[in-house]
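sequence and predicted structure are below.
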Amino acid sequence: MKSTQRHAAAAAGLLTLVLSGAPLLAQQRGTQEPPQRGGPPGQDTPQILVAVLQSPDKALGVQAADEIRRRIQVEHSAKELYAVPKQAINNTLEASGYRPDSALNASDLMELAKQVHGDYVLDGKISKSGTGVRLDARLLTRTGQQTLAQPLTPMDGKDAGDIAKQADHQISEALKGMPAYKACANDLRAQKYDQAIVDARKGITAYPNSTLNRLCILSAYSYQKAAPDSIIAISNQILQQDPTSMIALANAAEAYKTKGDNDKAIEYNIRIWKADPSNQSVVESIIAALVNSGAPEKALPIIDTLLAQNPGDTRMLETKWHLQLAAADKGAAGMWKQAIATGEELAKADSAKATLEFYQRQIGAAQRDSDVAKVQEFAARAAQKFPKEPSFQLLLAQSYLKAGQLQQALAAARHAAEIDPKNTNAWLIAIAVQNQMSQGDSAVATAQKAIAAGVSKDTIGASLLATAGPALKKAQETKAREDWEAALKAAQTVDAIAPSPQSKFYVGVSAFSVGVDALTNVQKLYKNPKEKAQACAEVKVAEDNFATAQVAMPAGGKVDPGTAGQIMQGIAQYGQYIPQFKSALKCK
């Protein structure tokens, strides 16, 4: 039986069925051949349709159905239980375009029963077994617009005739519970819920395996808003006889949810899905429950089954993508790569799904998976599709920089700065790249543009110090005058653009070192009259650089008070010689 009942309405489903259905009345039928003993059926005689059974062996399906029908006709008077004649079945099938030996599915069987006035339908599958044949069957009946099933116990026999005897017996036993079920249905219509339960229990006494009477009790419990445990108990009784009962499964799932037992609720929802994989509302409910329970990976097999049935379904692909991302975020092994692959499949199936958020999440997945190539690929594609979004250009710049592709990194950083001139990171990346490329002047020019665009001087200054720092370090290693002068120039450039204690410290150290070197040269040139002019020039260099260091170092002293103190003492010590050299050399 294929159910379309929605999960949210499951608790009241059975009541809707029994209240909307009229009493099961038989109409006056004409006598069919061969006639069943007892004359024509009465007005209230239940009628049963036994059509060709499902079977891998079509002949066996036809033979077994004929045997069961004949057995019913022999064992029961037409006033007790009437079997719809084979001729009536065949005529109706042929009129509807079916072959007489057609084995119909449940929904088609119920439609055939409606046309031949059958109250019950025997739906089953018969197959050969090691010892003979085996029949799995159920009785179907319609209540309102819904088909309900009463499973029968599986039957094993040596042949079709043996199976027919067992089937007749089980059908007879099952029908013993029907009067009580009808009484229960009437009670539900009258809102006599306690009486409905009493009547249904009588039906269970008459036929212990009755699922219909238990369904009626379940409906009464639902309308009484009974305790979840009571609903679960009766639902499980039904499921023992009919494991695919949608009504019982849905009610049990809802009851467990009410109890707060999410694991059990999910378990029963999955059983609903397995019984009816096409039920989209159930699928969505299961997925939501699994995600909320913190186990999104458990929903993936469901999605894969749906995608196998509907390849390229973008809604399911998108759901799978989200589930994989969630599972990966919770540490599921290898899930980032799977999520990336599903995302690409989604974008291929529907390019409209490749939104800004889509690329951001794909890039994030690639970063978490440490897949630099994928980060670059997605960022490049996103930058092309969203040319006004700076974040993708920044990602490209960063990934190119990490990969040592400096020209590409600089181009991407500049592009990001053009899109958003106040984007600090874009300017900083550009300056960093230019520093690595030993383009100090270009880095300074970029810094000036950044400050003009409104970027913080402090931030830019910190970045520019990356230019001055290496120059100072080189001078400290070589002790060469030209290197100290280069370090001073770099530090003064940074200080002029974005002054800071660090830039002042660099200026002070470099200027003092240049001054000391100049004063040392004066001592060498002093005794040679021919070098008087050069000696005076060096005195001027020493005087100017000591003055520069003396101005810069108080602020720079915050960086390294010890070194700053030594330099200030050095300026005082060496500075006293400058007037003496000026006088002795008669410098102008």
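Structure's in. What do you need? What you see is a predicted model, and the numbers here were worked out from it, not measured in a lab. Residues are numbered from 1 along each chain as shown.

how is this structure partitioned into domains?
Domains of the chain are assigned by automatic domain parsing as 31-175, 460-585.

nearest to Ser210, out of those?
Checking those against Ser210 by C-beta to C-beta gives domain 31-175 as the closest, at 7.0 Å. For every residue, glycine as well, the C-beta is placed using N, CA and C.

coming back round to it: dump the domains of the chain to CSV, plus distance to Tyr256 and mean neighbour count.
Output for the domains of the chain, formatted as CSV (distance: least, C-beta to C-beta, whole Å; neighbours: other C-beta atoms under 10 Å):
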stretch, distance to Tyr256, mean neighbour count
domain 31-175, 23, 18
domain 460-585, 59, 19
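
out of the ones you listed, flag the one nearest Gly203.
Nearest to Gly203, of the domains of the chain and by C-beta to C-beta, is domain 31-175 at 10.5 Å.

state the distance from Gly454 to Ala466.
Distance of Gly454 to Ala466, given as C-beta to C-beta, to the nearest Å: 21 Å.

let me fix that: Gln439
12 Å.

also Val551?
For Val551, the distance to Ala466 - C-beta to C-beta - is 24 Å.

need the domains of the chain in TSV (columns: distance to Asp329 and mean pLDDT).
As requested, the domains of the chain are exported to TSV (distance: least, C-beta to C-beta, whole Å; pLDDT from 0 to 100):
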stretch	distance to Asp329	mean pLDDT
domain 31-175	42	92
domain 460-585	34	90
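
pipe those into JSON lines and attach distance to Ala450 per row.
Formatted as JSON lines, the domains of the chain follow (distance: least, C-beta to C-beta, whole Å):
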{"stretch": "domain 31-175", "distance to Ala450": "72"}
{"stretch": "domain 460-585", "distance to Ala450": "5"}
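
so where do the helices sit in the stretch 151-300 of the chain?
All helices of the stretch 151-300 of the chain, identified by DSSP state H, counting those that start in this stretch, fall at 160-175, 178-189, 193-206, 211-224, 228-241, 246-259, 262-275, 280-292, 300-309.

so for the next helix or strand after the shortest one, what gets flagged as buried?
On the C-terminal side of helix 300-309, the nearest following helix or strand under DSSP states H and E is helix 314-329. Buried residues in helix 314-329, defined by neighbour count with 16 or more other C-beta atoms under 10 Å: 316-328.

hey, what's the angle from helix 314-329 to helix 300-309? Just curious.
In terms of direction (axes from the mean of the first three to the mean of the last three C-alpha atoms, to 10 degrees), helix 314-329 departs from helix 300-309 by 150 degrees.

taking helix 280-292 as reference, get the angle to helix 314-329.
Per the same axes, to 10 degrees, the angle that helix 314-329 makes with helix 280-292 is 20 degrees.

from the rest of the structure, what touches helix 314-329?
Under the criterion C-beta atoms under 8 Å, 6 or more residues apart in numbering, residues 287, 291, 296-297, 299-300, 303-304, 306-307, 310, 335-336, 338-339, 342-343, 345-346, 349-350, 353, 361, 365, 368 lie in contact with helix 314-329.

where do the strands of the stretch 51-200 of the chain begin and end?
For the stretch 51-200 of the chain, the strands defined by DSSP state E, counting those that start in this stretch cover 82-83, 120-129, 132-143, 146-151, 155-157.

of these, which is nearest Pro208?
That would be strand 146-151 among those, by C-beta to C-beta, at 12.3 Å.

any low-confidence regions in the stretch 151-300 of the chain?
Scanning the stretch 151-300 of the chain for pLDDT under 70 picks out the ranges 291, 293-294.
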